[in-house]
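Student: Fold the following for me, if possible:
(chains A, B, C and D)
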Amino acid sequence: MALTRDQIAMRVAQEFKDGDYVNLGIGIPTLAANYVPGDISVMLQSENGLLGMGRYPTEAEVDADMINAGKETVTATTGASIFNSAESFAMIRGGHVDFTVLGAFEVDVSGNIASWMIPGKLVKGMGGAMDLVAGAKNIIVTMTHTDKHGNSKLLPACTLPLTGVNCITRIITDLAVLSVEDGAFVLQEKAPGVSVEEIKEKTLGKLIVPDDVAEMVF
Amino acid sequence: MALTRDQIAMRVAQEFKDGDYVNLGIGIPTLAANYVPGDISVMLQSENGLLGMGRYPTEAEVDADMINAGKETVTATTGASIFNSAESFAMIRGGHVDFTVLGAFEVDVSGNIASWMIPGKLVKGMGGAMDLVAGAKNIIVTMTHTDKHGNSKLLPACTLPLTGVNCITRIITDLAVLSVEDGAFVLQEKAPGVSVEEIKEKTLGKLIVPDDVAEMVF
Amino acid sequence: MAGFNKVVNTYEEALSGLSDSMTVIAGGFGLCGIPEGLIAHIKTMGVKDLTVVSNNCGVDGFGLGLLLEDKQISKMVSSYVGENALFEKQLLNGELEVELTPQGTLAEKMRAGGAGIPAFYTATGYGTPVGEGKEVKEFDGRPYILEHAITGDFAIVKAWKADKFGNCVFRHTAQNFNPMAATAGKITVVEVEEIVEPGTLSPSEIHTPGIYVNRIIKGEFEKRIERRVVAKEDV
Amino acid sequence: MAGFNKVVNTYEEALSGLSDSMTVIAGGFGLCGIPEGLIAHIKTMGVKDLTVVSNNCGVDGFGLGLLLEDKQISKMVSSYVGENALFEKQLLNGELEVELTPQGTLAEKMRAGGAGIPAFYTATGYGTPVGEGKEVKEFDGRPYILEHAITGDFAIVKAWKADKFGNCVFRHTAQNFNPMAATAGKITVVEVEEIVEPGTLSPSEIHTPGIYVNRIIKGEFEKRIERRVVAKEDV
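Tutor: Model prediction:
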């Protein structure tokens, strides 16, 4: 069975280590914050200038001056710091953020990612995504393995305009965990009940399947 | 009569306008702070990270964490701000400081300045001088017109390694105020009792002497 | 210290000198930390053909979105402009040009503009449409693109408190692009919630030193919230 | 938040991993805001052939001057090194190399190193010995030189207060190069006057966010004054 959005987020959260600084994109990545294991802590970086992003506020706590990169009202955790946008991206570009988790339209075997622009559709902008993929030490792409028409989103080469090149090393989809190594996707784990055959079928880029592929454990 | 150090500083202080941000180098430039006219105020920038440098501290006020760019103990004025070295030089390099006043070994008719290095002598370093001459909107060089051997310090071309190029527009010496324009020194004012002939004699670079040269007024 | 008192009393004074075809750099992220009154006054002034540099372009009817209503903006330099139907329309009509710039590059371009750094290298955008036509150089085997600084004829900034000398502090995440914008304007105008006496703000806690600020005006702020999200459960 | 507690109890732990031929970036301006205990421990460790990046090199017998006594430094990157007889001697002997770097360029190189900017253009030093051999490019008709970022294997920093997560504040002009140094070390060690609980420091007043800091140690500081100047008259 393909994973739900929450299950993907749950699997993402397993990647984090105690003490990691993490930037979570909008959508599934944001959900990962709900599944951080109880015995570790991570600190969330929001690229509008907040390190130590907390939960949503209560009605009483709502403050127009306290928002996240998705422009939602938020709170700050104990020990948070707040700074300007140049400092925020110095942190990101300089490789100080341990993990960036973001969605994508496509990724390819060279570690390229396309996530911000579909020609012919109105372009809203890349926001901080290009800085994040150029800067973070580890990037995890979360997405469904195929688009709504059933087309693979794991390609030999991205067809859409890129967000970044040679930067994606790990992908977590509704079907599998894959790494990107030496011009191929390498299957690391499969979702419970999903066959290697289905993953092969839905992966258009070169796929390496080790002899023994573990099933995800939740 | 050639001006004393304090008189040079007094003449420098006449250049300031109310509301100017000023960086004063070590030596005569620092003295200028004592002669700012009573009806105007200037704010002193110290490049180690202090805007609003005040007087020296009393014994009770001395604080090792409060120094100026000359590493002297100092105080901050009301309304001062304190920041890091990158911010301090962003301010300087970005042209936000209205005036820089500094000494020099030599200046030339192209507006070049040599102030930090004498080959064969031990080189201590340029500190912030190269940033200051590259960044300030107006630079005033203060120096004696000649060195201790009587050699002119206002040259057709500097002979010592440069601190900056094409940056000096105004020079105040013990004999005269001069501007640098289109490849020549232009005599603007002479010190009281100093003859145009003496200034001509002691200026090796091309000197333009207008018909009417005012005497400095203190 | 009369020469350092930068307080003005009217928006007319605050924006005096702003005219057609100028470049305006604006602080703010979404609707958070935007100079509401200054933007509204630019609408009143009716200046046209502006290039506006700001991470976003407000929403329909609020913030920089107001300046779209009378087509005062001819070009936006932004990282994300997705919150605005009028923006879309003018963009599709060709009435509005947009230069999409990665958020971190945009922040750094403003900082560089204020700091006298004409250009810098970044890996951000290399190999993407953002990198097209830009100089590429390798450092330690990795390719980077050359990005140029941005400066503006005016910078409009929103601060929490400023003293009369222009020393500013920002509140929470309303800081965002404001400190960089403040450094990058030929004339920098700051609209604040509160004007205080010099000496009130601790020197080491000042976010924007007064040297960057030319004019200060006390504003009234609606502080509209773009996405009000409230905790679902008890916390 | 165990994973974010960066406090160590000994200088051995604080500098664990520092070895011969490494590059160390040090905060401080003159003797103001220098990590006294960390420097003293580097002397005790006896590591050699260090490249030290710091605006100055201390004085004879104090600060970075201590590391000259056993010839532990092979190269200094500084803007001004004039306070030190031993330095002079080793320089003239050829035992020590010095790369003189304009103060603002030095600060910006450290910032760039921490911010993932491999190089930037500046007018500072163009046409002088500093510009020799460097790439020149014109922007708006003015020539600029390309300067490269600096990063270090270690950064040693002196802060006033830090919370256990590494959020730091600096006191008065002891801030100087410390925040930039903190961003530019692969391992950044901060020696502080006081360690406080997270939440004690106001989030918007933090000078160095904890993300840059790997280890924190509580130090004892002599805070030697280089030029004690006292007001002559009554003030």
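Student: which residues are contacting stretch A:38-46?
Tutor: The contact list for stretch A:38-46 (Cβ atoms under 8 Å, 6 or more residues apart in numbering or on different chains) reads A:16-24, A:33, A:36, A:51-53, A:68-69, A:74, A:77, A:79, A:88, A:91-92, A:97, A:99, C:173, D:1-4, D:165, D:211. In short, each C-beta sits where N, CA and C put it, glycine included.
Student: Go through that stretch and flag the buried ones.
Tutor: Buried residues in stretch A:38-46, counted by 16 or more other Cβ atoms under 10 Å in any protein chain shown: A:Ser41, A:Val42, A:Met43, A:Leu44, A:Gln45, A:Ser46.
Student: Which other helices and strands does the lowest-mean-pLDDT helix or strand in chain C contact?
Tutor: Using mean pLDDT, DSSP states H and E, the weakest-scoring helix or strand in chain C turns out to be helix C:85-93, at a mean of 91. In this structure, helix C:85-93 makes packing contacts with helix C:66-69, judged by 3 or more Cβ pairs under 8 Å, 6 or more residues apart in numbering or on different chains; DSSP states H and E.
Student: So is the helix it packs on next to chain A?
Tutor: No. Helix C:66-69 does not reach chain A (Cβ under 8 Å from any Cβ of the partner chain); its nearest approach is 15.2 Å.
Student: centre of the chain versus the lengthiest helix in chain C, how much separation?
Tutor: Ranked by number of residues, the top helix in chain C under DSSP state H is helix C:103-115. Relative to the centre of its chain, helix C:103-115 is centred 11 Å away, using Cα atoms, centre = their mean, to the nearest Å.
Student: Next SSE downstream of it?
Tutor: Counting by DSSP states H and E, the next helix or strand C-terminal to helix C:103-115 is strand C:119-122.
Student: and the angle for the longest helix of chain C with helix D:103-115?
Tutor: 170 degrees (axes from the mean of the first three to the mean of the last three Cα atoms, to 10 degrees).
Student: Whether helix C:103-115 contacts chain D - can you check?
Tutor: Yes. Interface with chain D: helix C:103-115 contributes C:Glu108, C:Ala112, C:Ala115 (Cβ under 8 Å from any Cβ).
Student: So which of the buried residues of stretch A:38-46 belong to strands?
Tutor: Residues of the buried residues of stretch A:38-46 located in strands (DSSP state E): A:Val42, A:Met43, A:Leu44, A:Gln45, A:Ser46.
Student: how far away is the most far-flung residue of chain A relative to its centre from C:Val230?
Tutor: No residue in chain A sits farther from the centre than A:Ala60, which is 31.6 Å out by Cα atoms, centre = their mean. Going from A:Ala60 to C:Val230 by Cβ to Cβ, to the nearest Å gives 10 Å.
Student: Now that we have the buried residues of stretch A:38-46, can you turn them into CSV and tack on pLDDT?
Tutor: Converted to CSV, the buried residues of stretch A:38-46 look like this (pLDDT from 0 to 100):
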residue, pLDDT
A:Ser41, 95
A:Val42, 96
A:Met43, 97
A:Leu44, 97
A:Gln45, 97
A:Ser46, 97
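Student: closest to C:Ala159 among those residues?
Tutor: A:Ser46 (20.7 Å; Cβ to Cβ).
Student: what about stretch C:43-63, average pLDDT?
Tutor: The pLDDT scores in stretch C:43-63 average 97.
Student: Provide a list of residues in contact with A:Leu24.
Tutor: Applying Cβ under 8 Å, 6+ apart to A:Leu24 gives the contacts A:Thr30, A:Ala32, A:Ala33, A:Leu44, A:Val101, A:Leu102.
Student: next one: C:Phe154
Tutor: Counting by Cβ under 8 Å, 6+ apart, C:Phe154 has contacts C:Leu15, C:Gly17, C:Leu18, C:Met22, C:Thr23, C:Val24, C:Ile25, C:Gly185, C:Lys186, C:Ile187, C:Thr188, C:Val189.
Student: In terms of helices and strands, where is the third one?
Tutor: Same thing as C:Leu18. In the assignment (DSSP H and E), C:Leu18 maps to no helix and no strand.
Student: hang on, it packs against C:Val47?
Tutor: Yes. C:Leu18 lies in contact with C:Val47 (Cβ atoms under 8 Å); the separation is 5.8 Å.
Student: Just the strands from chain A, written as ranges.
Tutor: Under DSSP E, chain A gives strands at A:20-24, A:42-46, A:50-53, A:76-82, A:99-102, A:106-108, A:113-114, A:138-143, A:154-155, A:170-173, A:176-181, A:184-190, A:207-208, A:214-215.
Student: Rebuild these as TSV, extending it with distance to C:Ile216.
Tutor: Shown next, in TSV, are those (distance: least, Cβ to Cβ, whole Å):
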stretch	distance to C:Ile216
strand A:20-24	35
strand A:42-46	29
strand A:50-53	26
strand A:76-82	22
strand A:99-102	38
strand A:106-108	49
strand A:113-114	44
strand A:138-143	42
strand A:154-155	54
strand A:170-173	49
strand A:176-181	52
strand A:184-190	56
strand A:207-208	61
strand A:214-215	62
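Student: From those, pick the one with the highest average neighbour count.
Tutor: Highest mean neighbour count of the strands of chain A: strand A:50-53, a mean of 28 (counted as mean count of other Cβ atoms under 10 Å in any protein chain shown).
Student: Contacts for that strand, please.
Tutor: Taking contacts as Cβ under 8 Å, 6+ apart, the residues outside strand A:50-53 that touch it are A:21, A:43-46, A:68, A:74-83, A:88, A:91, C:173, D:203, D:209-211.
Student: Try it again at 6 Å.
Tutor: With Cβ atoms under 6 Å, 6 or more residues apart in numbering or on different chains as the test, strand A:50-53 has contacts from A:43-46, A:68, A:74, A:76-77, A:79-82, C:173, D:209, D:211.
Student: try stretch A:195-212
Tutor: Outside of stretch A:195-212, the residues within contact range by Cβ under 6 Å, 6+ apart are A:108-109, A:145-146, A:152, A:154-156, A:175-176, A:184-187.
Student: Could you measure from C:Glu132 over to C:Val53?
Tutor: According to Cβ to Cβ, C:Glu132 and C:Val53 sit 20 Å apart.
Student: Just want to know which of these two has more residues nearby.
Tutor: Using other Cβ atoms under 10 Å in any protein chain shown, the more surrounded residue of C:Glu132 and C:Val53 is C:Val53, with 27 against 10.
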